[in-house]
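>>> Give me the fold of what follows.
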Amino acid sequence: MSGADVTVEQHGDHVGVVCMHRPPNNYFDATLLEEVAAAYEELDRSGWCRAIVLTSEGRHFCAGLDFAANAGQDIAELYRAALRLFAAPLPVVAAVQGAAIGGGCGLALSADFRVATAQSRFSANFARLGFHHGFALSVTLPATVGRQAAADLLLTGRRVRGAGALALGLCDRLAGDGDLMAQALGYAGELAASGPLAVRTIRATLRRGLVEDTRLAMEHECAEQLRLRDSADFAEGVRAAAERREPRFSGS
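Next comes the predicted model:
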């Protein structure tokens, strides 16, 4: 199966590869997230798939939502689509090349595991845009790196590269140059080699309450994002990012 911007392929007997095709930055919108979620659900129904690799075409894994080009995007619709990713029953390994920025970092953290390279960059850069974070990072980032590190990453918006990401736990394995997909497929293959019934039940136990937690987090994040979307600081943050300069926030 495939959508306009998402393709699905089978690798070996039990691994499905879901690839996003919006290079070079793979910006998402609700439509793209719906296609990814539909691919996850179709693979779950396939009978043969036991683990998924999420990847993307181009230089970067995902740079989140392009705020400059999607000023009218319905954020609530976006997060309804995102919630479907957390509800998917199969384990997901994200192959993170280049940047996973903003909502793209949230998308990477919606996966169970992440494989990156030394050149990969993770950043929850919302505060640098004068904006509240989203994509359930309120839940997934502290769960992944701990509360203190999550506060540091969210409040500074700083970027963390491959080795630092591995040390923090933002990624689980670090691949060599040109070896990212092979490592991600190998990781998914390890998951698929375990008893499929056991994997499903163990994963469900570990993720108990996650869908409800992410739903509640996204509702709050959405409300804060809508409140700040009309602020002067957000307009300045987006403008500064487009102009590749430091933002000059006024607190208004």
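
>>> C-alpha only now, for contacts and for neighbours.
Will do.

>>> Which residues does the helix or strand in which Arg200 is found contact?
Taking DSSP states H and E as the criterion, the element that holds Arg200 is helix 196-206. By CA atoms under 8 Å, 6 or more residues apart in numbering, the residues outside helix 196-206 that reach it are 50, 89-91, 191.

>>> what's the most distant pair in the residues you listed?
Across the contacts of helix 196-206, the longest distance by CA to CA is 13.2 Å; it joins Pro89 and Leu191.

>>> contacting residues for Gly98?
With contacts defined as CA under 8 Å, 6+ apart, the neighbours of Gly98 are 59-61, 119-121.

>>> Can you check these and name whichever has the most neighbours?
Among the contacts of Gly98, the one with the most neighbours (other CA atoms under 10 Å) is Phe61, at 34 neighbours.

>>> Quickly note the distance from it to Gly106.
Plainly put, Phe61 is 12 Å away from Gly106 if you go by CA to CA, to the nearest Å.

>>> Centroid-nearest residue for this structure?
By CA atoms, centre = their mean, the chain has its centre lying nearest to Leu107, at 1.2 Å.

>>> and it, what does it touch?
The contact partners of Leu107, by CA under 8 Å, 6+ apart, come to 62, 64, 135.

>>> neighbour-wise, which of Pro89 and Leu191 wins?
With neighbours defined as other CA under 10 Å, Pro89 and Leu191 compare such that Leu191 has more, 21 against 18.

>>> Chain neighbours aside, what residue packs nearest to the more buried one?
If you skip the residues right next to it in sequence, Leu191 has Ala51 as its closest partner in space, 6.4 Å away by CA to CA, 6 or more residues apart in numbering.

>>> how deep is that neighbour tucked in, by neighbour count?
27.

>>> which outside residues touch stretch 59-76?
Surrounding stretch 59-76, the residues in contact under the criterion CA under 8 Å, 6+ apart are 23-29, 55-56, 95-105, 107, 219, 222, 226, 238.

>>> Need the buried ones from those selected in PyMOL.
In PyMOL syntax, the buried subset of these is picked out as below (16 or more other CA atoms under 10 Å):
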select buried, resi 25+26+27+28+29+55+56+95+96+97+98+99+100+101+102+103+104+105+107+219+222+238
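
>>> Return the subset of the contacts of stretch 59-76 lying in helices.
In helices, judged by DSSP state H, the following of those are found: 103-105, 107, 219, 222, 226, 238.

>>> so which two of the residues you listed are the farthest from each other?
Comparing all pairs in the ones in helices among the contacts of stretch 59-76 by CA to CA, the longest separation belongs to Glu219 and Val238, at 22.8 Å.

>>> And Asp74, what's its pLDDT?
What the model reports for Asp74 is a pLDDT of 87.

>>> For Val53, give me its contacts.
Contacts here follow CA under 8 Å, 6+ apart; on that basis Val53 touches 15-18, 92-95, 184-185, 188.

>>> ah, wrong one, I meant Pro142
Neighbour list for Pro142: 148-151 [criterion: CA under 8 Å, 6+ apart].

>>> re earlier: can I get the contacts of Leu107 in JSON lines with distance to Gly178, pLDDT and secondary structure?
As requested, these are exported to JSON lines (distance: CA to CA, whole Å; pLDDT from 0 to 100; DSSP: H, G, I helix; E, B strand; the rest coil):
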{"residue": "Cys62", "distance to Gly178": "18", "pLDDT": "98", "secondary structure": "strand"}
{"residue": "Gly64", "distance to Gly178": "24", "pLDDT": "95", "secondary structure": "coil"}
{"residue": "Phe135", "distance to Gly178": "29", "pLDDT": "97", "secondary structure": "coil"}
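
>>> Export stretch 197-216 to PDB, keeping only CA atoms.
Backbone C-alpha positions of stretch 197-216 (Å, rounded to 0.1, in the frame of the first residue of the first chain) are rendered in PDB as follows:
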ATOM      1  CA  LEU A 197       2.400 -12.600  21.000                       C
ATOM      2  CA  ALA A 198       4.900 -11.900  23.800                       C
ATOM      3  CA  VAL A 199       6.200  -8.700  22.100                       C
ATOM      4  CA  ARG A 200       2.600  -7.300  21.800                       C
ATOM      5  CA  THR A 201       1.700  -8.100  25.400                       C
ATOM      6  CA  ILE A 202       5.000  -6.900  26.900                       C
ATOM      7  CA  ARG A 203       4.800  -3.700  24.800                       C
ATOM      8  CA  ALA A 204       1.200  -3.100  25.800                       C
ATOM      9  CA  THR A 205       2.100  -3.500  29.500                       C
ATOM     10  CA  LEU A 206       5.000  -1.100  29.200                       C
ATOM     11  CA  ARG A 207       2.900   1.500  27.400                       C
ATOM     12  CA  ARG A 208      -0.200   1.100  29.600                       C
ATOM     13  CA  GLY A 209      -1.900   4.500  29.900                       C
ATOM     14  CA  LEU A 210       0.300   6.100  27.200                       C
ATOM     15  CA  VAL A 211      -2.400   6.800  24.700                       C
ATOM     16  CA  GLU A 212      -4.600   8.500  27.300                       C
ATOM     17  CA  ASP A 213      -1.600  10.400  28.700                       C
ATOM     18  CA  THR A 214      -0.600  11.600  25.200                       C
ATOM     19  CA  ARG A 215      -4.200  12.600  24.400                       C
ATOM     20  CA  LEU A 216      -4.400  14.700  27.600                       C
END
